Structures are given as C-alpha cells and as structure tokens.
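Peer 1: Got a predicted structure here, sequence first:
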Amino acid sequence: MSKLLANQIANYNDNGPVEAKEGLNFPTGKPLEVNGASGNVGQFLRSTGNGVSWDDVTIPAAQVNADWSSSSGVTEILNKPTISAVGQSGDYGDLINKPTIPPSQVQSDWNETSGLGVILNKPTLFSGLYSDLIGKPQIPSTVTDLSDVNLPSPILDGTYIKWDAAQARWIASSGSSGITEIKEDTTPQLGGNLDIQGYDISGQGVIDITSQSNRIRFHYDTTADLPSPSAYHGMFAHVHATGGAYFAHGGSWIELAKLTDIPIDVNTTYSQSAASIPTGAALRLTASDGTIDDINVNAGTGITIDQVSSSGFRINSVGGGSGGGATVTTSDDAPTSPVDGDLWWKSNEGRLKVYYADGSSNQWIDASPPLAPTNISNQSSTIAIGAHNTGPFGNSPDSIIINPNTGSIIKTAAGIEINGHILPSANAQYDLGNAEYKIRHLFLSDNSMWLGDESKVTTSSGKTQIRKRKKRDGFVPSLIVSELISSGLISTNTQAPAHALNWFNANVYEPDKSDLSEVTLPQWYQYAIAVGIDTNVVTTAGELFPSPGDSNFEESDYEESVELGQSGFTQAPITDSSDTIAVDLRSPAYVLKTPSANFQIQVAESKFEDGYTNEFTVYVDQGSTPYTVSSILIKDFAGSSISTTQLRVVGTETANTLQAFNVKMVYLSGWKAVVEIV
C-alpha cells in the first residue's frame, strides 16, 4: 500500500471537486473538518446549497395524542374521514331521514281487533266452567246411584249396609256396623307385636302365656312406690333402693331373704351326755358351737332315776317285784355287764336299744318298732341307701352309695354286670386302666367311640372311620333341625341357627355369645331336650351325630371324615359317562369311566386360608375321544362353589387309555392347582 503525503489536493483542470473513487477512511481520533472546523458532538453535515456545514439536530417535542382539529404540524391527522353530525354528537336529533315511530305501547289489548294493539293468532280459551266441559262423567249423588248397591227406597232410618258376597252387592242390614270396643271381640288375635306405647294394661283376668324366655320387669325405686299389698295379693316386686325382692301377702309386703342373709348352720356335730334334772334325768346333746339341747326323761309313778352321771343314769321300778331297775346308757359303745331290760341310746346311730336276755340268746336289739338299717359302716367306710342328687345322673333316689375310707378301695373278685351307663362324677378326671395296669381287651359295638368332644371312631361295612363333628357358626345338627321344624318352632332350616343362639344366650351363656362355634356336645343335647327331642330315641349326646348305617345319618353333620384302609381293600367312588366328577376328599382316589366331554372336578368343602392343601388322584378311563380337566370348583363353608384362580395341566390326554390325573392344590389368596396327566 502506498502513501500520498500532501497538505492540499486540488483539481486544477476544471476547478472541480476531487473524486475519492474508492471512498474515504477516517482513522480513529482523526477529525473531518469543514471550513476548518471539526464540528461539535451530535452535529451533522447539512448541505447549504453551495457546500456543507455543521448543523444541530432539532427534534420536536413528543406527541401523546394527535389533535383531530389540528390542520398543520406534527399534531395534524391526515386522511381524516368525513363524519356526519350524528356520528360526532350521538344525538338522535342530528339524524337525517328519521322514520315515523308510533306512540309506545305498554301492553296489547286482547279485545283489540285492529291496529298495533291487536294480538294475532289468539287461541280459543276454556271458560273454566264445569258446565262448558264436553264428555262429562255422570257423578253419583247418592249411594243408591252406584251399580253394586241394592238398597230399598226409601231407606229406613238407622239402616246399615253390609257386603253380600253371594249377590256381589251392598245390601241393607239391621245389624251392628261393627265392634265399638276391643272387649266386644271375645276371641281377639294379634297379627303382630302388641305395642302399648307407654300405656297400661289394666283390669281383671289371667295372662296365660306358655312360651319360654318371657321378660316382665318388676322394678320399683323405693318401698314407698309399691302398690297396695291387699289389692295385689301375691304380687312379686323388686325394690332398687334396698336391692331386695318382695311379695304381697296378708296385707303386707314381705321381703325375701337373700342367700347371704341366711346364716350358715355350723352345728354339724353333737356330743352326747346325761344330766340330772329335778324330775329325773336328761339326755343332753351339745352342739359344736356349745348349744345344748336336752331330752328330758321324767320319773313316773313307781319309777325313780338315780346314778345320774355324764355317761348315763339308772331307772328304777319301785312299784313291786324284786325292786330291781333298768339302766339307761348314752354312748357310742355298748354298756358293759348289761342286764335284761337295760336301755342303751346308741348315739352315733340315733337308735334306742334294749338288752334282751331270754336265757338262750342275750343281745342288744332295736327297741320296738325296729327300723331297717340304712347303712353299714366300719371305721370311716360306709355303704348306705339314699338319695344322690349330684353328678351326671342327677336326681337318683334310693341309690346305693359306697364310700370307702380315704386310701381304701372297692374290690370285686368276680365279674360285674351292668344294666346302665358308667359315667364319672367329674369330667376328664379319672382313668380306665393306666400305663402299668392296662385293660387287656376293650370290646365295643359297631356304633361309635368318642375321643373328646369333637371326634369319634365308627365302623361301617367293616371299615374303620374317624369323623370330626362340625363346630362352626351357623351350624345346627340335622336331628335338632328336624325336631325344630316338626314341633313348629321354626318353619325353615335357615331359621335354626338364630333359634339355637337365642336359646343358648338365654339359658347357657353369660355373657352372650355371637355365634355357635363354641357349643359343646353336652350343650347341644341340653338344647335338644329343651326343644322336645325324644330322649327314648336319642338317649345320649353322642347320638345327635349318628354314624353311617343309621337312618338319621347325615354326612353334612361332619367337618372331616377319614376311612382307614390299605390299598387293595379300599374302593374308590366311580362316576360313569359324565362331564363332572364329585370329590368329597374322604378317599385319596376317584374313578371317571368314559367321560362325555372335558370334565369339571367339584371338590367338597375346604378351608379358604393360606397354606391349606388338597391332594387326590382321578383315574380316567379314556374312550375313543380323550378328554381332560376343564375346570376345578371348590366349595367354601358357606356352600358356594368358587373356581381355582390358577389351573395348570401338564401332560396330554390319550384315547383308549387309562390315565391318572394327579391333582395338587394349595390356597394362596385363592385356590391354585396343578394337574399332572400320567
């Protein structure tokens, strides 16, 4: 790049401007001078016509709004449209070509027939008068206008009308229009519960109700609230303030004693002695609490009493003869050296004995009239005849009661024949044999043997079976259900659980139970007797659950059933030509001969809880068309059938072949099954 250094460049040819062909570049910091001046900040070069000069920039003030009326300057609005006067004033009076407007109308006139007030297409309106209706019905003005009424004319005063079914008409009657008071109905019957709504039932008569579990409250706050005992002779009442029970008798309220009010009789043993009294002697009985009761023996004419001591006294006859006398002794033991006529009160038996000496047999005998002995005793062992009112047999009069001394036993050297039941006096307290001294053989009938309260062992067709009776809410033994229905206590078997639970809560349970799952076998028998079951037929509690072969046997009475038997001696249930096969789980194997289609397996009741399993084998004798299992249904305890949530079949069905379908199931939030075809 070349440089041109010069103070002035001029065009001398035509005195014209110098042309900068490629433009001019002014370095930073170097001025552009005009007429020797570089200008001020913000100035621009402006042509003067003959040259250029530095000039200032003039900017008019900012305009917020243009002026519609301005005709020059920056505020002038250009190309404004021509607007009519009304467009500017908004006044209706500035309008041109205005229409003629009729006077304003408040409302049209329904009766107007012309002009702006007329209403066009008016409907014809109903007057609202019944007389203007068309097709009016005939309205009866009296009961005789009705078609089903047959009354005389005129109708006599006091006439009633009644319905005559034979004529299908209301006819005249001179009888009563009906009862005016309930008392006029001599045989009233209720169709539902009688709600007295807080009112009283009063009057004279007898309330005769034979049903069980009646509830009548006899509650009074204080004795002052009790009614007249004379007016309510025989009434029972409870007074809350005293906590006592009362009954009305003899014009007074008599309080009944509580059990805690009755003192315990502690005078259970007596000692015997004799004592002297002015008129003779006394047989003295001294109770364990020190109370003394005397039996006075007074000397009569010709009789004297002497030698009175604590052990006895002597009675002497002074009325003639040899002058001897008889001795009376009170003791458990016989007097020593007795003579004929001596008397002995045997205190431990309460018997008076006389010493009888006839020369050939001298002995103490019971004074006349003799009584049959009621017990035999030796030391503390006794054999007695009397009533026995406790234990499983209940009230048993004239029982033979054997009580050996503590540590002693009852031993027999011969066989024992029984004609009744053998029952222990307490539940689950005594053994039959033990580990060292065993019963050699135990022979039982074909009926049953109960193991505890729930399970029993039976035999049927030579096979031993173990069954567990049902214990669950909603279950009532079938024998009891049949009795409830036949006796009219319920109408359907679905009502049995509620009836049973109400009875147990009223008679057995305290506090009440919410279901029947805890009812024991003896309690079921107690309930069966209460509802009227024949105890000559059902003689024991165990017979409420009959065994196979019994006419009353019901498999549904049992929760579980297992039959004991080895292979080769156990017959599997057989189903023939069907598309379903029932599995009752009492057998490990089942047979389906010639299935008619893909078959369904229906399994009996099972527990629907995680971890419970079922395993069994179905032998399928396939025909020319082989079939496989299509689904498995399992019953729950409510009796509903529910399908498996998973069914996996392994293997292929084969025609004209016996195949084993091994089924294994487990409950895991639903029944899941694997079937292996072999």
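Peer 2: Received, thanks.
Peer 1: got a list of contacts for stretch 521-538?
Peer 2: Contacts to stretch 521-538, defined as Cβ atoms under 8 Å, 6 or more residues apart in numbering, come from residues 212, 450, 453-454, 469, 477, 479-480, 483-484, 487, 489, 500, 503-504, 507-508, 519, 540-542, 544. No exception for glycine: its C-beta is placed from N, CA and C like everyone else's.
Peer 1: Mind listing what's buried along the longest helix along the chain?
Peer 2: Ranked by number of residues, the top helix in the chain under DSSP state H is helix 496-507. Residues 496-497, 499-501, 503-504 are the ones in helix 496-507 that count as buried (16 or more other Cβ atoms under 10 Å).
Peer 1: ditto for stretch 637-656
Peer 2: Under the neighbour-count criterion of 16+ other Cβ under 10 Å, stretch 637-656 has 642, 644, 647, 649, 653 buried.
Peer 1: Centroid-nearest residue for this protein?
Peer 2: residue 514 (4.3 Å; Cα atoms, centre = their mean).
Peer 1: Where does that residue sit: helix, strand or coil?
Peer 2: Per DSSP: H, G, I helix; E, B strand; the rest coil, the local secondary structure of residue 514 is coil.
Peer 1: And the pLDDT for it?
Peer 2: Per-residue pLDDT puts residue 514 at 90.
Peer 1: Give me the distance between it and residue 608.
Peer 2: Here the distance between residue 514 and residue 608 works out to 21 Å (Cβ to Cβ, to the nearest Å).
Peer 1: Please apply the same query to residue 426.
Peer 2: According to Cβ to Cβ, residue 426 stands 39 Å off from residue 608.
Peer 1: Compare the two and say which is more crowded by neighbours.
Peer 2: Ranked by neighbour count (other Cβ atoms under 10 Å), residue 426 and residue 608 place residue 608 first, with 16 against 8.
Peer 1: can I assume that one is in contact with residue 635?
Peer 2: No: taking contacts as Cβ atoms under 8 Å, residue 608 lies outside contact range of residue 635: 9.8 Å.
Peer 1: Overlap of the contact sets of these two?
Peer 2: Shared contacts of residue 608 and residue 635, counting by Cβ under 8 Å, 6+ apart, come down to residue 642.
Peer 1: Quick one: name whatever helix or strand follows the lowest-mean-pLDDT helix or strand in the chain.
Peer 2: Every helix and strand of the chain was ranked by mean pLDDT, DSSP states H and E. The lowest is strand 375-378, at a mean of 74. Counting by DSSP states H and E, the element after strand 375-378 in chain order, helix or strand, is strand 381-388.
Peer 1: Check which helices and strands that following strand is in contact with.
Peer 2: Using 3 or more Cβ pairs under 8 Å, 6 or more residues apart in numbering; DSSP states H and E as the contact test, the elements touching strand 381-388 are strand 375-378, strand 396-403.
Peer 1: That one pairs with which strands?
Peer 2: Sheet pairing here is set by DSSP bridges, and for strand 381-388 it gives strand 375-378 (antiparallel), strand 396-403 (antiparallel).
Peer 1: Quick one, which of those strands gets closest to residue 462.
Peer 2: strand 396-403 (39.3 Å; Cβ to Cβ).
Peer 1: Would you map the strands across the stretch 251-400 of the chain?
Peer 2: Along the stretch 251-400 of the chain, counting by DSSP state E, counting those that start in this stretch, strands occupy 252-256, 270-277, 280-287, 292-298, 303-309, 312-317, 325-331, 343-346, 351-357, 362-366, 375-378, 381-388, 396-403.
Peer 1: If you count neighbours, what's buried in the fourth one?
Peer 2: Put plainly, it is strand 292-298. Residues of strand 292-298 classed as buried by neighbour count (16+ other Cβ under 10 Å): residue 297.
Peer 1: what's that strand packed up against?
Peer 2: Secondary-structure packing of strand 292-298 (3+ Cβ pairs under 8 Å, 6+ apart): strand 270-277, strand 280-287.
Peer 1: returning to what we had before: tabulate the strands of the stretch 251-400 of the chain (a markdown table), appending distance to residue 598.
Peer 2: Shown next, in a markdown table, are the strands of the stretch 251-400 of the chain (distance: least, Cβ to Cβ, whole Å):
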| stretch | distance to residue 598 |
| --- | --- |
| strand 252-256 | 77 |
| strand 270-277 | 91 |
| strand 280-287 | 91 |
| strand 292-298 | 95 |
| strand 303-309 | 108 |
| strand 312-317 | 104 |
| strand 325-331 | 98 |
| strand 343-346 | 93 |
| strand 351-357 | 92 |
| strand 362-366 | 93 |
| strand 375-378 | 80 |
| strand 381-388 | 68 |
| strand 396-403 | 66 |
